[in-house]
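Engineer: Starting from these lines, generate the structure:
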Amino acid sequence: MASPVDGTVAELMVRCLEEEGVTHVFGIPGEENIRFVDALSRSSIKYVLVRHEQAASFMAETFGRITGKAGVCSSTLGPGAINMLLGVADATSDSTPVVAISAQVARSRSFKESHQNVDLVQMFAPATKWAAQVPTSEAVPEMIRKAFKLAQTERPGAVYLAVPEDIEQEPAPPGLQPLPVNVPRPEEPSPSQIRRAIDLLQTAQNPIVLAGHGAARAGAAPALRRFSEELGLSVATTFHGKGVFPDDHPNSLGTVGFMRHDYVNFGFDRADAIVAVGYELQEFDPVRINPKGDKAIVHVHRFPAEVDRHYDVDVGLQGDISHTLDALADGLGRAFECAEGARSVRSLLDGELERGRIDSRFPLAPARVVADTRAALGRDDIVLVDTGALKMWMARLYPTYEPNTCLISNGLSTMAWTVPGAIGAKIARPGVRVIAATGDGGFMMNSQEIETALRLQIPFTVLIWVDGEYGLIKWKMDLELGSDTDTAFTNPDFVAYAESFGARGYLVEAADDLLPCLKKAVADDTVSIVACPVDYSTNLQLTNALGELDEPIG
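Structural biologist: Numbers count the residues shown, from 1 in each chain. As a prediction, this is how the structure comes out:
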């Protein structure tokens with residue numbers, strides 16, 4: 001049990017964070033939280049000084065997604081806290097545990113108009129699981145324990161605490177200490193619900209499995225593989241679920257969520273039942289896989305499903321996902337032959353990627369960039385995919401073999417998170433190589449964090465898909481309006497820009513340059529930036545070939 005804290009409330013806060021197992025806090029100090037930052041400097045927790053509070057929240061989010069433990073970000077009051085809001089909202093939308101802590105004005109002026117006084121709790125409330133202001137020094141241990149418990153309990157998300165500056169500097173009340181950590185355990189699945197699901201699946205002819213982000217969070221990849229192999233079922237994943245079922249497995253269909261009639265959707269067209277494992281509706285609209293609302297749905301997750309007429313659950317199985325899948329497989333005791341169709345669907349995706357791999361056009365075809373990115377990384381290495389046209393190509397085609405090795409923002413679909421996110425990823429998993437794949441538009445929104453990475457000696461590679469436009473918006477305009485406007489911009493010399501920070505810069509000048517550049521960059525023990533011109537004329541060719549584009553393409 002932790003001992004009482006003899007010091008300030010700021011020191012008590014830090015002791016509470018240590019009790020929660022926090023190793024890093026990402027942020028920028030302000031006048032109103034200097035005692036908190038000072039207390040961190042004398043603790044086991046490393047304070048990661050960043051260049052923008054938005055970046056701090058993205059780092060905390062990525063750290064939380066990879067580790068499953070809440071990433072922590074910190075800011076001053078007012079504008080600093082507001083800057084932090086975007087990554088906090090992104091974390092909640094992507095079911096990722098984050099605890100955000102900011103300073104706030106002293107209680108003596110919180111009730112009136114005063115310098116930098118904004119109602120931050122009301123601002124953060126819609127974007128978090130819980131937002132609150134610490135009312136007294138005595139509340140600190142309980143509120144920090146509650147914050148972490150809520151952030152890390154299914155469904156995970158972000159929590160926000162505002163700490164008035166007068167509370168931070170008060171002496172910790174005598175005898176106050178951090179509360180012990182208790183971890184809620186998932187329930188065993190209900191036997192009666194298991195029986196109902198078995199009865200439903202016994203009558204199905206062509207069931208299919210959809211695996212989402214919740215399956216990855218639950219560590220259910222081995223159980224999912226057993227389930228697929230024992231029952232002969234094909235498995236599709238969401239963008240967030242990529243890697244929870246390996247794309248080179250013969251039962252893999254690939255990733256769903258882009259087109260109403262992309263290749264992977266063929267498997268759902270034939271299906272009469274869907275076993276949804278860890279799927280959440282914010283990952284993509286279920287109308288894309290159940291347009292008539294006529295497929296039987298078995299929902300396997302740690303919490304009940306959201307209500308949607310295209311996701312009308314027949315049987316809900318709430319509990320430990322791995323145990324639930326094993327119980328279903330044992331009870332069914334039969335094998336389907338649905339997975340045979342997965343091979344033909346997967347061959348379409350593999351063929352598209354292979355054609356991209358040998359495409360020598362310059363600027364490069366998007367599929368060539370995807371193929372070379374895959375070739376430059378190992379199975380356990382991590383690529384972070386920014387929002388934009390590149391996300392559509394990477395999500396569809398990038399083969400992924402392990403959970404949380406292809407990271408995509410899809411709940412909020414936020415731009416500019418990948419460069420700071422790469423820092424969070426490397427801190428969470430220092431032994432793997434990391435590529436932040438971003439468009440030139442997104443890169444310039446948070447490129448200042450290159451300095452953070454270099455200062456902290458955190459090596460990773462930034463691969464910029466260069467087209468001089470907001471390519472996804474141009475794609476949408478061209479598709480629906482027949483023309484585009486106000487999407488183009490100019491760029492700096494990216495090599496010179498990289499070198500101005502002290503990073504290494506590479507410019508791809510021919511299709512065959514990209515893979516050698518990437519291999520050299522990921523081997524560099526520093527930050528490397530690879531600028532790769534991309535030919536997005538294939539965007540409309542893709543949508544014309546695959547069918548009507550569903551809303552929204554982002």
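Engineer: show me what contacts Asn256?
Structural biologist: One correction, residue 256 is Val, not Asn. Counting by CB atoms under 8 Å, 6 or more residues apart in numbering, Val256 touches 210, 236-238, 262, 264-265, 268, 284, 288-289. From N, CA and C alone the C-beta is placed, and that goes for glycine too.
Engineer: any chance you could map the helices in the stretch 301-450 of the chain?
Structural biologist: 321-332, 340-357, 366-376, 389-397, 418-428, 440-446, 449-455 (DSSP state H, counting those that start in this stretch).
Engineer: actually the stretch 451-554 of the chain, not the one I wrote
Structural biologist: Using DSSP H, counting those that start in this stretch, helices in the stretch 451-554 of the chain cover 471-481, 494-501, 514-523, 538-546.
Engineer: burial count for the residue lying closest to Gly331 once chain neighbours are set aside?
Structural biologist: Spatial nearest neighbour of Gly331, chain neighbours left out: Ile198 (4.3 Å); criterion: CB to CB, 6 or more residues apart in numbering. For Ile198, the neighbour count with other CB atoms under 10 Å is 18.
Engineer: distance of Ile198 from Val298?
Structural biologist: To Val298, Ile198 is 10 Å away according to CB to CB, to the nearest Å.
Engineer: Turn the contacts of Val256 into TSV, including secondary structure.
Structural biologist: Below are these laid out as TSV (DSSP: H, G, I helix; E, B strand; the rest coil):
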residue	secondary structure
Leu210	strand
Ala236	strand
Thr237	strand
Thr238	coil
Asp262	coil
Val264	coil
Asn265	helix
Phe268	helix
Phe284	coil
Arg288	helix
Ile289	coil
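Engineer: roughly how far is the helix or strand hosting the residue nearest to Gly331 from the heart of the chain?
Structural biologist: Using DSSP states H and E, Ile198 maps to helix 191-202. On the basis of CA atoms, centre = their mean, to the nearest Å, helix 191-202 is displaced by 32 Å from the centre of the chain it belongs to.
Engineer: What of stretch 118-129?
Structural biologist: Centroid separation for stretch 118-129 versus its chain: 21 Å, with CA atoms, centre = their mean.
Engineer: and Arg107, how many neighbours?
Structural biologist: 15.
Engineer: which neighbours do Ile198 and Val298 share?
Structural biologist: With CB under 8 Å, 6+ apart, Ile198 and Val298 have no common neighbours.
Engineer: List the buried residues in the host helix or strand of Gly64.
Structural biologist: According to DSSP H and E, Gly64 maps onto helix 53-67. Within helix 53-67, the residues that qualify as buried are 53-67, counting by 16 or more other CB atoms under 10 Å.
Engineer: Equivalent analysis for stretch 269-280, please.
Structural biologist: Neighbour count says stretch 269-280 has 271, 273-280 buried, by 16+ other CB under 10 Å.
Engineer: of the residues you listed, closest to Leu332?
Structural biologist: Val275 (10.6 Å; CB to CB).
Engineer: Using the three-state scheme, assign that closest one.
Structural biologist: Relying on three-state DSSP, one would call Val275 strand.
Engineer: Just list the residues touching the residue lying closest to Arg455 once chain neighbours are set aside, thanks.
Structural biologist: Excluding its sequence neighbours, the residue lying closest to Arg455 (CB to CB, 6+ apart) is Leu49, at 7.9 Å. Leu49 sits next to 27-29, 452, 455 when contact means CB under 8 Å, 6+ apart.
Engineer: Please check these and keep the buried ones.
Structural biologist: 27-29, 452.
Engineer: so of those residues, which ones are in strands?
Structural biologist: Gly27 (DSSP state E).
Engineer: Tell me the one of the buried ones among the contacts of Leu49 nearest Gly319?
Structural biologist: Nearest member of these to Gly319, counting by CB to CB, is Gly27, at 36.8 Å.
Engineer: one step back: which one of the contacts of Val256 is nearest Ala510?
Structural biologist: Asp262 (30.5 Å).
Engineer: from what I can see the closest one touches Met392, true?
Structural biologist: No. Using CB atoms under 8 Å, Asp262 is not in contact with Met392; the gap is 10.1 Å.
Engineer: show me where pLDDT drops low in this protein?
Structural biologist: Applying pLDDT under 70 to the chain flags residues 1, 5-6, 259-261, 338-341, 544-554.
Engineer: in the stretch 201-350 of the chain, which spans are strands?
Structural biologist: 207-211, 235-237, 252-255, 273-277, 296-301, 315-318 (DSSP state E, counting those that start in this stretch).
Engineer: Minimum distance to Thr485: which of those has it?
Structural biologist: That would be strand 252-255 among those, by CB to CB, at 31.6 Å.
Engineer: Does Gln133 touch Tyr160 like I think?
Structural biologist: No. Shown here, Gln133 and Tyr160 do not form a contact pair, counting by CB under 8 Å, at 9.4 Å.
Engineer: Looking at the two, which has the bigger crowd around it?
Structural biologist: Comparing Gln133 with Tyr160 by other CB under 10 Å, the one with more neighbours is Tyr160, at 29 against 19.
Engineer: quick one: what helix or strand has that one in it?
Structural biologist: strand 158-164.
Engineer: quick one: strands adjacent to that strand?
Structural biologist: strand 98-104 (parallel), strand 130-133 (parallel) (DSSP bridges).
Engineer: which one of these is the most hemmed in?
Structural biologist: strand 98-104 (a mean of 30; mean count of other CB atoms under 10 Å).
Engineer: just checking, next helix/strand downstream of that one?
Structural biologist: Following strand 98-104 in sequence, per DSSP H and E, is helix 120-124.
Engineer: ok, and for that next one, which residues are buried?
Structural biologist: For helix 120-124, using 16+ other CB under 10 Å, the buried residues are 120-121, 123-124.
Engineer: Stretch 323-339 too?
Structural biologist: 323-329, 331-332, 336, 338-339.
Engineer: what sits up against that stretch?
Structural biologist: 188-189, 194-195, 197-198, 201-202, 204, 206-208, 220, 223-224, 226-228, 230-234, 250-251, 270-271, 275, 277, 300, 317.
Engineer: any residues in contact with both of Gln133 and Tyr160?
Structural biologist: With CB under 8 Å, 6+ apart, Gln133 and Tyr160 have common neighbours 120-121.
Engineer: ok so, going back, can I get the CA coordinates of the strand holding Tyr160 in CSV?
Structural biologist: This file holds the C-alpha atoms of strand 158-164, laid out as CSV (Å, rounded to 0.1, in the frame of the first residue of the first chain):
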residue,chain,number,x,y,z
ALA,A,158,-10.5,9.7,-22.8
VAL,A,159,-11.1,11.3,-19.4
TYR,A,160,-10.3,14.9,-18.5
LEU,A,161,-9.4,16.5,-15.2
ALA,A,162,-9.0,20.3,-14.6
VAL,A,163,-6.8,21.2,-11.6
PRO,A,164,-7.2,24.8,-10.2
